[in-house]
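Enquirer: Below are the sequence and a predicted model; questions follow.
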Amino acid sequence: MSKVSHIGIAVDNLEKSIELFSKILGCDPISIEEVADQKVKVAIFRPGGEHTTAIELVCPVSNDSPVKKYIDKRGQGLHHISINVENIADKLDHLKSKDFKLIDQAPRQGAEGKKIAFVHPSSTSGVLIELEQD
């Protein structure tokens, strides 16, 4: 069964955004880490506790980061919705068989050591969907 893992928000200043979201959510991030493969640094908040939907602030660390390109084109804001799945490889195969356009044909390493893959927004009503497996 799938569940919403987190909501990703693209930001251009991680420290400033952490300060803002800490005030809004009433808590500090549970982790801050760089994901070198994606050229981003993320801060993860779980205001409802360990097994609830998280808020992930995503900040580019280089000018060639896909998130930097996203912010330059669309500005800061909602970047993606992440869905936790039991078997990411099977889910990718299933979506491919249903003619979804995939950004990632195979899972790769994401934040918190999780396997991730992205589904292109042209296949999902304009929303970037991240699949995530613990």
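Expert: Happy to help now that I have it.
Enquirer: Quick check: chain neighbours aside, which residue is closest to A89?
Expert: Of all residues not flanking A89 in the chain, P107 sits nearest, at 6.3 Å (CB to CB, 6 or more residues apart in numbering). In this view, the C-beta of every residue, glycine as well, is placed from N, C-alpha and C.
Enquirer: And A54, by the same measure?
Expert: H6 (3.8 Å).
Enquirer: who's in contact with that neighbour?
Expert: Residues in contact with H6 (CB atoms under 8 Å, 6 or more residues apart in numbering) are I44, T53, A54, I55, E56, S82, E132.
Enquirer: Likewise for L14?
Expert: Contacts of L14 (CB under 8 Å, 6+ apart): I32, K41, A43, L57, C59.
Enquirer: how much space between the most far-flung residue of the chain relative to its centre and Q38?
Expert: Distance to the chain centre peaks in the chain at S97, reaching 23.7 Å (criterion: CA atoms, centre = their mean). Using CB to CB, to the nearest Å, S97 is found at 26 Å from Q38.
Enquirer: Check which residues of the helix ranked longest in the chain are buried.
Expert: Identified as the longest helix of the chain according to DSSP state H is helix 14-25. Residues of helix 14-25 classed as buried: L14, S17, I18, F21 (neighbour count, 16 or more other CB atoms under 10 Å).
Enquirer: Can you name the next helix or strand after that helix?
Expert: Going down the chain from helix 14-25, the next helix or strand is strand 31-35, by DSSP states H and E.
Enquirer: just checking, I44 is part of a strand?
Expert: Yes. I44 sits within a strand when classified using DSSP: H, G, I helix; E, B strand; the rest coil.
Enquirer: what's near enough to touch it?
Expert: I44 neighbours (CB under 8 Å, 6+ apart): H6, P29, I30, S31, I32, A54, I55, E56, L57, A111, E112.
Enquirer: Same list, the residues you listed, but as CSV with pLDDT and distance to N63 please.
Expert: CSV is the format used below for the contacts of I44 (pLDDT from 0 to 100; distance: CB to CB, whole Å):
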residue, pLDDT, distance to N63
H6, 97, 25
P29, 98, 24
I30, 97, 29
S31, 97, 25
I32, 98, 21
A54, 97, 27
I55, 98, 25
E56, 98, 21
L57, 98, 19
A111, 92, 21
E112, 91, 25
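Enquirer: Cheers, nothing more for now.
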